[in-house]
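sequence first, then the predicted structure:
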There are 2 protein chains.
Amino acid sequence: MKSTLSHLRGKALTFGTGLVLLVIQNALSADDPLPSWNDTHNKQAIINFVKTTTDSSNPQFVPPEERIATFDQDGTLWVEHPVYTQLMFCLDRVPAVVAAKPELKNVEPFKTVMSGDREAIAKLPMKDLEKIAAATLSGMTTEQFQAEVKKWLAEAKDPRWHRPYTELTYLPMQEVLKYLRANGYKTYIVTGGGQDFVRVYAEQTYGIPPEQVVGTAGATKYGYERDGKPILTKEPKVVLNDNDAGKAEGIYLMIGRRPHAAFGNSTGDQQMLEYTKAGEGARIAMLVLHDDAKREYAYGPAQGLPDSKVGTFTQKLYDEAQRDGWIVISMKDDWKTIFSNQVNETK
Amino acid sequence: MKSTLSHLRGKALTFGTGLVLLVIQNALSADDPLPSWNDTHNKQAIINFVKTTTDSSNPQFVPPEERIATFDQDGTLWVEHPVYTQLMFCLDRVPAVVAAKPELKNVEPFKTVMSGDREAIAKLPMKDLEKIAAATLSGMTTEQFQAEVKKWLAEAKDPRWHRPYTELTYLPMQEVLKYLRANGYKTYIVTGGGQDFVRVYAEQTYGIPPEQVVGTAGATKYGYERDGKPILTKEPKVVLNDNDAGKAEGIYLMIGRRPHAAFGNSTGDQQMLEYTKAGEGARIAMLVLHDDAKREYAYGPAQGLPDSKVGTFTQKLYDEAQRDGWIVISMKDDWKTIFSNQVNETK
């Protein structure tokens, strides 16, 4: 009887200790809004920014309605290397465009794309890629386009990880998005990519609704179907080129407030970060440096990394970041985990 | 002593009855989200729409993230007759523009505006008004423009009621805005007026933040001041003409979702209402008819009202409303009170 009692007492003690540990663990993770970040200065800078701007007794307090945070997408929230996801979509749509307009079959750059010669396709200059974008992203109603993108995203897979593109988002950045939103920040995507394209999946993938996605936007034309039903048709005409200076201009056009926080990863984000930092009060500007060849990729001329067709991170941009107090995030050193959705990072 | 007692008892009774009446009144007004509307079918239609779309057991339930309501401004939320408020701002800015560029002094239409001849100014054709808008709404930084608008709004007064323009908003529509927001709707202004202009006061005047104001928008140009500070300069180039078909196109560009509710008052709102009503599920489209010459104005060719330079409400539009199930609000019959801010309506 006694032994049973002490056995029970021991169990209770073990249970009690376990409970205490569990409580401590929960308290720690509740205290840590960014668990997939290593405990670095950069992680602390984000936490300090949020604490400072949401503490009403702090002189740098930011009223809730002014809490705007903007995020580049390609290379900042998800993988962009070796090719932008949207470009893959455009290339995959070329056969359908050529089927509808057979006269394009022997016209460049469609001829090269139809040949399937990967090396030749990879060498197509920007001017040709723009022609492909214009042809594949217009001529249909907005609803037809949304359906096309949805279908493609459900089937297409990244060539390295063999996962849908929407599963290759960065967990540390997803945590930043959630952490900012939990503290009253409105999070926006401000992408050089197509606004219409990103809006199709941003809500499900990032928790960012269509109206908070700003991107390169084409014109639409209002008209009527035969039965009189109004439709919007996508036109091959750019209304907003949301790259470089266009990002600051696009933020003004679409949001009308200067962000307090901005995140990017390339020269295309330079003006957005400058514009953000130039505001009064607490502002944070961050750049993701792709320096993790093992778990993701290492590219961009900054710090001697190899050059890349995407997400150019020049030494000049790196120098401006140092000078202007922007934070450069090292994927290798700052991020404990890279991907959401249990992607095998050693693949 | 007895008389004192019964006197006290009487007081208590009176007080008690008053309290009961007060409680009943509060209960009634708590039940009535639109107290400045008369008890008409139109008022009931708004209430039915909100109840239907927010009741999760109703087949026409609308998920919170899809609850978008768009409002034209001039003539729908505030007075537009006899001249759009923003045009008054532009005319008032002409002397400053001419002072900065004296060569304009003898060039039309600036010469006519500088002459102060009200009749001649009223006769200026649309092309001249566009020239005045381009000259007075560009050439400064976005911050300078916002400061100019704020200053002007603080001083300018409507010629009939001698009140600041921002005090001449319609109380029944302010109630609709609040009622929709209280039921999870995101309320947007979608105006033919200048997006930058309306964004300056929309938050304070209507509770609508800048990022929920869509309007006719000019381009900006990113650049740097001498000290290297980034600035955005307003350019005389239209990016979005948010009138007519431009309203549906602008909604797609800036919001990316089709509204479930849309409110307008003129042919400029036709496509926005068509686009709204063409969506699936519960949709409401409403037009404000200015038929109250006594308390506000009566204009627009519909129903034999006099024609006007602003807010054209044609018979054709009226017929489409009847055919397509849009609701036409009669200011005279549907609205108990017209103005917010205790404006003397008989003036």
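Now that the structure is in, tell me what you want to look at. Note that this is a predicted model, so its numbers are computed, not measured.

contacts for the helix or strand where A:Tyr318 lies next, please.
When elements are assigned from DSSP states H and E, A:Tyr318 belongs to helix A:315-324. For helix A:315-324, contacts defined as CB atoms under 8 Å, 6 or more residues apart in numbering or on different chains pick out A:266-267, A:270, A:273-274, A:277, A:285, A:287, A:301-303, A:326-328. The C-beta positions use only the backbone N, C-alpha and C, and glycine is treated the same way.

what pLDDT does A:Gly10 get?
At A:Gly10, the model reports a pLDDT of 50.

what does chain A put close to chain B?
A:65, A:68, A:142, A:186, A:195-196, A:199, A:203, A:209-211, A:213, A:217, A:219-222, A:229-230, A:232, A:239-240, A:245, A:248-249, A:252-257, A:271, A:274-275, A:278 (CB under 8 Å from any CB of the partner chain).

looking at these, which are in helices?
Members of the residues of chain A next to chain B lying in helices (criterion: DSSP state H): A:142, A:195-196, A:199, A:203, A:245, A:248-249, A:252-254, A:271, A:274-275.

alpha carbons of stretch A:107-116, as PDB, please.
Extracted C-alpha coordinates of stretch A:107-116, given in PDB (Å, rounded to 0.1, in the frame of the first residue of the first chain):
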ATOM      1  CA  VAL A 107       6.500  34.900 -84.800                       C
ATOM      2  CA  GLU A 108       9.200  35.500 -82.200                       C
ATOM      3  CA  PRO A 109       9.200  35.200 -79.200                       C
ATOM      4  CA  PHE A 110       6.300  32.700 -79.400                       C
ATOM      5  CA  LYS A 111       8.200  30.500 -81.800                       C
ATOM      6  CA  THR A 112      11.000  30.000 -79.300                       C
ATOM      7  CA  VAL A 113       8.600  29.300 -76.500                       C
ATOM      8  CA  MET A 114       6.700  26.800 -78.600                       C
ATOM      9  CA  SER A 115      10.000  25.000 -79.500                       C
ATOM     10  CA  GLY A 116      10.400  24.000 -75.900                       C
END
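
buried ones in that stretch?
A:109-110, A:112-113 (16 or more other CB atoms under 10 Å in any protein chain shown).

from the residues you listed, which two are the most distant?
By the measure CB to CB, the buried residues of stretch A:107-116 have their two most distant members at A:Phe110 and A:Thr112, which lie 7.4 Å apart.

ok, A:Pro35 touching A:Val176?
No - A:Pro35 lies out of contact with A:Val176 (CB atoms under 8 Å); the separation is 11.8 Å.

more neighbours, the two?
Higher neighbour count among A:Pro35 and A:Val176: A:Val176, with 26 against 14, using other CB atoms under 10 Å in any protein chain shown.

and that one, what does it touch?
Counting by CB under 8 Å, 6+ apart, A:Val176 has contacts A:34, A:46, A:263.

and for A:Lys277?
A:Lys277 neighbours (CB under 8 Å, 6+ apart): A:262, A:283, A:285, A:324-326.

do that again at 7 Å, thanks
A:283, A:285, A:324, A:326 (CB atoms under 7 Å, 6 or more residues apart in numbering or on different chains).

in helices, which of the residues you listed fall?
A:Asp324.

among the contacts of A:Lys277, which one sits closest to chain B?
In terms of CB to the nearest CB, no member of these lies closer to chain B than A:Asp324, at 9.6 Å.

what about that closest one, distance to B:Lys150?
As judged by CB to CB, to the nearest Å, A:Asp324 and B:Lys150 stand 30 Å apart.

neighbour count: the two, which is higher?
Comparing A:Asp324 with B:Lys150 by neighbour count (other CB under 10 Å), the higher total belongs to A:Asp324, at 14 against 11.

model confidence score at that one, please.
pLDDT at A:Asp324 comes out at 95.

give me the neighbour count for the closest residue to A:Thr40 other than its chain neighbours.
Excluding its sequence neighbours, the residue lying closest to A:Thr40 (CB to CB, 6 or more residues apart in numbering or on different chains) is A:Asp334, at 5.1 Å. Using other CB under 10 Å, A:Asp334 has 24 other residues around it.

before we move on, what about the one 5 residues further on?
As a burial measure, A:Phe339 scores 23 neighbours (other CB under 10 Å).

bridging residues for it?
A:Tyr170 (DSSP bridges).

could you report the pLDDT at the residue lying closest to A:Ile132 once chain neighbours are set aside?
In this structure, A:Ile132 finds its nearest non-sequential neighbour in A:Cys90, 5.2 Å apart by CB to CB, 6+ apart. Per-residue confidence (pLDDT) for A:Cys90: 96.

quick one: A:Lys234 and A:Met140 touch, right?
Yes - A:Lys234 lies in contact with A:Met140 (CB atoms under 7 Å); the separation is 6.0 Å.

the two: who's more crowded?
A:Lys234 (20 against 16).

so who does the more buried one touch?
A:137-140, A:142, A:145, A:218, A:220.

for chain B, what is the nearest residue in the stretch 51-200 of chain A?
Closest point on the stretch 51-200 of chain A to chain B, by CB to the nearest CB, is A:Arg199, at 4.9 Å.

so how far is A:Ala133 from that residue?
Distance from A:Arg199 to A:Ala133, counting by CB to CB: 16 Å.

out of the contacts of A:Lys234, which are buried?
A:137-140, A:142, A:145, A:218, A:220.

in CSV, list these along with distance to B:Thr52.
Shown next, in CSV, are the buried ones among the contacts of A:Lys234 (distance: CB to CB, whole Å):
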residue, distance to B:Thr52
A:Leu137, 37
A:Ser138, 37
A:Gly139, 37
A:Met140, 32
A:Thr142, 26
A:Phe145, 30
A:Gly218, 35
A:Thr220, 30
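
got a list of what A:Val94 touches?
Per CB under 7 Å, 6+ apart, neighbours of A:Val94: A:110, A:113-114, A:132, A:136.

remind me which residues of the stretch 51-200 of chain A are low pLDDT?
Nowhere does the stretch 51-200 of chain A drop to pLDDT under 70.

what segments of chain A are helices?
Going by DSSP H, chain A shows helices at A:2-31, A:41-54, A:85-100, A:110-115, A:118-122, A:126-136, A:142-155, A:171-182, A:195-206, A:245-254, A:270-277, A:315-324, A:331-334.

restricting to C-alpha, output the shortest one in CSV.
Which is helix A:331-334. Extracted C-alpha coordinates of helix A:331-334, given in CSV (Å, rounded to 0.1, in the frame of the first residue of the first chain):
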residue,chain,number,x,y,z
MET,A,331,18.5,33.9,-44.6
LYS,A,332,21.5,31.8,-43.5
ASP,A,333,22.0,33.4,-40.1
ASP,A,334,18.6,34.9,-39.2
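
so what touches it?
Applying CB under 7 Å, 6+ apart, the set of residues contacting helix A:331-334 is A:37-38, A:40, A:42-43, A:288-292, A:296, A:338.

just the closest of the residues you listed to chain B, please.
Out of the contacts of helix A:331-334, the member with the shortest distance to chain B (by CB to the nearest CB) is A:Val288, at 21.5 Å.

count of residues packed around A:Lys294?
Residues near A:Lys294, counting by other CB under 10 Å, number 10.

how far away is it from A:Lys127?
Computed as CB to CB, the A:Lys294 to A:Lys127 distance reads 35 Å.

could you do A:Tyr275 as well?
28 Å.
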